[in-house]
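Trainee: with the input below, show me the fold.
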Amino acid sequence: MASSLAVFRPAGHLPCRRRPKNASCPCTSPNFLQPQASASSRRSRGFSVESANGSGAGGGGNGRRRGGTVDVVAFAAVLHDAKTADDVKFLVEDFLGGGDEEHLPVQVYTSVIRGLGKEKRIDAAFAIVEHLKSRGRSSLNQVVYNCLLGAVKNSGEFRRIEAVLADMEEQGISPNIVTFNTLMSVYVEQGKIEEVFRVYDGIEGRGLVPTAATYSTIMSAFKSTGDAFAALKFFVKLREKYKNGQLIGNPADWEREFVKYEKLAVRVCHMAMRRSLAGANNPAGTALKVLLSMDEAGVRPDRSYYERLVWACTGEEHYTIAKELYQRIRECDGEISLSVCNHLIWLMGKAKKWWAALEIYEDLLEKGPKPNNLSYELIMSHFNILLNAAKRRGIWRWGVSLLEKMQEKGLKPGCREWNSVLLACSRAAETSAAVNIFNRMIDQGLKPDVVSYGALLSALEKGRLYDEALRVWKHMCKVGIDPNLHAYTILASIYIGKGNHDMVDAVLRDMFSANIEPTVVTFNAIISACVRNSEGGAAFEWFHKMKMQSIDPNEITYQMLIEALVQDGKPKVAYEMYIIACNKGLKLSAKSYDTVVEACQDYGAFIDFAGLGPRPIVKLDPSR
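Mentor: Sure, this is the predicted structure:
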């Protein structure tokens, strides 16, 4: 018997000593009893027993025996606080009223042991087993020790497992499949997964037949480890055994069990995928591998499984797996939660997969469910991100395509979207395109705002269509739209382009009257317009007016001014402006450095080139 239980104990573990007996007798606790059961319920929890005199009439014992049966609930309440075998013996005799305790069935004690385990009264359960040992080996069997193992498991006193196993070995009681199942479940709760598989490997070597509980415990072990691939592999082997008729029992029962096993396998895969999605090393790749392994194993979860995984996808790197999950949901039964679709649209936008988000929105329109306000706002926000990108880069044709795409999908671009395309046309100096977009915007029933007029004015000014720009300005004021700083800045550039500097002064006065302070951007636009018109002297004058307004020039100001001074044939002044800008800590572009050097060389100006310092590496292009 020394080797029969070796599979239970890890190497190096020794059985615990048995608790020494204690002569003290604790008081009983009525709290062990559950709410009072009905008479029929109590009879169902009693065991028949012959009385000490063989009558079976159930006489004394404080009314504990009724009609030849033992009230197990009351009996358990009596033994609730027992600590030793002597305590049990005394309490049993008191319970039976002096009757012959030897005739109590072992089933009574096993039921009590189970109940004590649920109540975590493990000392009392061990004391009952010690008492049964004093009655002789005929009172001990596999059921008793299996119940004691179950009590240890329920109480969480896992350190006492070794004592139970050692006692079984000492009493010469061989373990059965229930013993193995209980021990494996204990190891699962302890997180000793290797011990679970070691015990499982020893089952068939003993000629025992695994039960449904055995396989469920193994699947629970895989769930604890999160090893989806091993769980699927085990499930496939178990299914093959079932198909080959190698599992003993009712096929209908096994069919029901396999439904549970498949759910357990799916749960293991779900946990593994969630862990991989929360990880940092290729989360989408690992999750996709689990999905493919499920396909190979023939495990096909339902729609809710995929939807729960979609909610776990929150990072940009989850784009691939989220798209795969979306396709699988659509293939399941054609139905999908609208909230899941909205989450996917948001995720695709976060991952900068704008067209993938648009595809999901198109599916909502064509296949359902019908998109709601959140769906509309999400897809509109994605389009606005694209339109803003087109605006920054001046890709006006792309902006026009986006507007057409929005209208094609039933979306209604507003002023914000049309203004983005107008600004893209302005940045690209596409005057005719800007006029066309402005007219189309009005045709759509939208009312242009100050941003719309400012973009159109800027496009006309860049196209040197000054008279048309002034007509647009008058129309803007006529319809009651108050100009902002940007519009006034463009108007000043228009008058500079026409060579009317007096009107520029009038524009600045109007700005002050409207409580709009001109900024460095305003004067940079005026100086830039002077440079385009080859009016270097005028640019220098506006530079001094700017300083008189206590407005500090920036890099753009000095770069434009240097170019204007060179145009005006004043390389030394340009050189001095470059030195002043550098002394202020401003970083001018390499173009300004080259302009000063080349101008001084061309005009033969005698300057100290070392004073310019090193040539700038970073090029800062002038911007308006």
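
Trainee: quick check, pLDDT for residue 33.
Mentor: Note for residue 33: predicted pLDDT of 24.

Trainee: next: residue 283.
Mentor: 74.

Trainee: okay, now it: neighbour count?
Mentor: 22 (other Cβ atoms under 10 Å). Every C-beta, even on glycine, is put in place using the N, C-alpha and C of the backbone.

Trainee: cool, and residue 209?
Mentor: For residue 209, using other Cβ under 10 Å, the count is 11.

Trainee: so it is in which element?
Mentor: Using DSSP states H and E, residue 209 sits in no helix or strand.

Trainee: surely it touches residue 248?
Mentor: Yes: Residue 209 is within contact range of residue 248, at 5.5 Å (criterion: Cβ atoms under 8 Å).

Trainee: where's the closest residue to residue 151 other than its chain neighbours, which helix or strand?
Mentor: Ranked by Cβ to Cβ, 6 or more residues apart in numbering and with sequence neighbours excluded, the top spatial neighbour of residue 151 is residue 117, at 2.6 Å. Residue 117 belongs to helix 106-118 when assigned by DSSP H and E.

Trainee: name the helices or strands packed onto that helix?
Mentor: strand 46-48, helix 72-78, helix 122-135, helix 142-155 (3 or more Cβ pairs under 8 Å, 6 or more residues apart in numbering; DSSP states H and E).

Trainee: can you do 6 Å?
Mentor: helix 72-78, helix 122-135, helix 142-155 (3 or more Cβ pairs under 6 Å, 6 or more residues apart in numbering; DSSP states H and E).

Trainee: same list, these, but as JSON lines with distance to residue 180 please.
Mentor: Shown next, in JSON lines, are the helices and strands packed on helix 106-118 (distance: least, Cβ to Cβ, whole Å):
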{"stretch": "helix 72-78", "distance to residue 180": "27"}
{"stretch": "helix 122-135", "distance to residue 180": "19"}
{"stretch": "helix 142-155", "distance to residue 180": "10"}
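
Trainee: on that earlier part again, for the helix holding residue 117, buried residues please.
Mentor: 106, 108, 109, 110, 111, 112, 113, 114, 115, 116, 117 (16 or more other Cβ atoms under 10 Å).

Trainee: what stretches of the chain score poorly on pLDDT?
Mentor: 1-68, 98-103, 280, 618-624 (pLDDT under 70).

Trainee: mind listing the strands for it?
Mentor: 46-48, 65-66, 69-71 (DSSP state E).

Trainee: what's the closest of the buried residues of helix 106-118 to residue 195?
Mentor: Ranked by distance to residue 195 (Cβ to Cβ), those are led by residue 117 at 20.9 Å.

Trainee: how close does that closest one sit to residue 552?
Mentor: Per Cβ to Cβ, to the nearest Å, residue 117 is found 83 Å from residue 552.

Trainee: what's the distance between residue 563 and residue 127?
Mentor: Where residue 127 is concerned, residue 563 sits at a distance of 101 Å (Cβ to Cβ).

Trainee: looking at the two, which one has more neighbours?
Mentor: In this view residue 563 and residue 127 are compared by other Cβ under 10 Å, and residue 127 has more residues nearby, 26 against 22.

Trainee: just checking, that one touches residue 84?
Mentor: Yes: applying Cβ atoms under 6 Å, one finds residue 127 in contact with residue 84, separated by 5.4 Å.

Trainee: residues near residue 502, how many?
Mentor: Around residue 502 there are 8 other residues, counting by other Cβ under 10 Å.

Trainee: for residue 178, that is, sorry about that
Mentor: Around residue 178 there are 19 residues (other Cβ under 10 Å).

Trainee: would you confirm that it contacts residue 146?
Mentor: Yes: counting by Cβ under 6 Å, residue 178 does reach residue 146; the two are 4.7 Å apart.

Trainee: could you pull up phi and psi at residue 481?
Mentor: phi -100, psi 120 (degrees, to the nearest 10).

Trainee: excluding sequence neighbours, find me the nearest residue to it.
Mentor: residue 450 (5.3 Å).

Trainee: next, count neighbours for the one you found.
Mentor: 15.

Trainee: buried set for the longest helix along the chain?
Mentor: Longest helix in the chain, counting residues (DSSP state H): helix 251-278. Using 16+ other Cβ under 10 Å as the test for burial, helix 251-278 gives 254, 257-258, 261-262, 264-274, 276-277.

Trainee: over to stretch 601-612?
Mentor: Here stretch 601-612 shows 607, 612 as buried, counting by 16+ other Cβ under 10 Å.

Trainee: could you do stretch 409-422 as well?
Mentor: 411, 413, 415, 417, 418, 419, 420, 421, 422.

Trainee: mind giving me CSV with the residues you listed and columns for distance to residue 458?
Mentor: Converted to CSV, those look like this (distance: Cβ to Cβ, whole Å):
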residue, distance to residue 458
411, 27
413, 21
415, 17
417, 18
418, 15
419, 12
420, 14
421, 13
422, 9
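
Trainee: ok, so of those, who is nearest residue 77?
Mentor: residue 411 (72.3 Å).

Trainee: got the contact list for residue 367?
Mentor: Applying Cβ atoms under 6 Å, 6 or more residues apart in numbering to residue 367 gives no contacts.
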